[in-house]
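Chemist: Sequence isn't available, so here's the structure alone:
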């Protein structure tokens, strides 16, 4: 399994398993199946309501703590310095862990202007050993620049909506320049529209792979960290079975041309739900 070296030398598995929209009753079997398949990186969040179940699956797995990489996130309603410190304690308690590997701010919610103070709490949590690395989700360049200007530790990761219809090239370029890794949520696109694209399906046919495998491979070869989600056992396996083929330069270029700013989730600058 390829890992990405974060700027503080923490190694993060490039392919992970996401549990957004995984119901409580489905989370333990889904994460258990992911571990059995070979995933070692699990991405959860306070707002997902399944940290406790992820913790249960970790406990049942028998895997050593140093064998797995766990990400969670502080929700918008818990932003602010003191609230973030408390939110981390709650998450660790639910997960049954002493620390997480990566802690992220879920949204900048610029309307409330708490994200700098929140990030300073993340810096403290990292100093205290509660998380090995810190970063953000859904941050635009202007939000990242402000963090880098007003805080001490630059984000290791920026997790954003990213798929062939929303390639996030500007953010990727900014990340490359500053050593901030892009991590793709909704990597197969909500609704799966991209999986039916003629370009994707023809490349999949050529490689004797599924459209989902081709899209995951595109993310990996674009140097993005990617966290596909599924609760279906054969799809959990399928999404992991992407290391025995490679997309050609022509394949990559054809997929890159599909970019059309096809965002499905909220715009970061407009998200104000708490």
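Modeler: It's in. As the structure is a prediction and not an experimental result, all values here were calculated from the model.
Chemist: residue ranges with poor pLDDT in the stretch 1-150 of the chain?
Modeler: Within the stretch 1-150 of the chain, the set of residues satisfying pLDDT under 70 is empty.
Chemist: Which parts of this structure are strands?
Modeler: For the chain, the strands defined by DSSP state E occupy 3-5, 11-13, 17-18, 41-43, 69-74, 100-105, 131-137, 157-161, 181-185, 225-226.
Chemist: Can you add distance to residue 63 and give those back as a markdown table?
Modeler: Quick note: C-beta positions are derived from backbone N, CA and C, even for glycine. Supplementary listing: the strands of the chain in a markdown table, determined by distance: least, Cβ to Cβ, whole Å:
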| stretch | distance to residue 63 |
| --- | --- |
| strand 3-5 | 16 |
| strand 11-13 | 13 |
| strand 17-18 | 13 |
| strand 41-43 | 11 |
| strand 69-74 | 11 |
| strand 100-105 | 13 |
| strand 131-137 | 17 |
| strand 157-161 | 22 |
| strand 181-185 | 22 |
| strand 225-226 | 20 |
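Chemist: Mind putting the ones you listed into CSV with mean neighbour count?
Modeler: CSV is the format used below for the strands of the chain (neighbours: other Cβ atoms under 10 Å):
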stretch, mean neighbour count
strand 3-5, 14
strand 11-13, 18
strand 17-18, 26
strand 41-43, 25
strand 69-74, 26
strand 100-105, 26
strand 131-137, 24
strand 157-161, 25
strand 181-185, 24
strand 225-226, 26
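Chemist: For residue 203, find the nearest of those strands.
Modeler: Within these, the stretch nearest residue 203 is strand 225-226; the backing value is 16.9 Å (Cβ to Cβ).
Chemist: Quick one: list the elements packing against the closest one.
Modeler: If contacts are counted by 3 or more Cβ pairs under 8 Å, 6 or more residues apart in numbering; DSSP states H and E, strand 225-226 sits against strand 181-185, helix 211-221.
Chemist: so where is the stretch 151-274 of the chain shaky, pLDDT-wise?
Modeler: For the stretch 151-274 of the chain (pLDDT under 70), the answer is none.
Chemist: can you name the farthest residue from the center of the chain?
Modeler: The outermost residue of the chain relative to its centre, with distances by Cα atoms, centre = their mean, is residue 206 at 28.8 Å.
Chemist: distance of residue 271 from residue 22?
Modeler: With the distance defined as Cβ to Cβ, to the nearest Å, residue 271 ends up 21 Å from residue 22.
Chemist: More neighbours: those two, which one.
Modeler: Set side by side, residue 271 and residue 22 give different neighbour counts by other Cβ atoms under 10 Å, the larger being at residue 22 (23 against 17).
Chemist: Distance of the more buried one relative to residue 211?
Modeler: Relative to residue 211, residue 22 is positioned 22 Å away (criterion: Cβ to Cβ).
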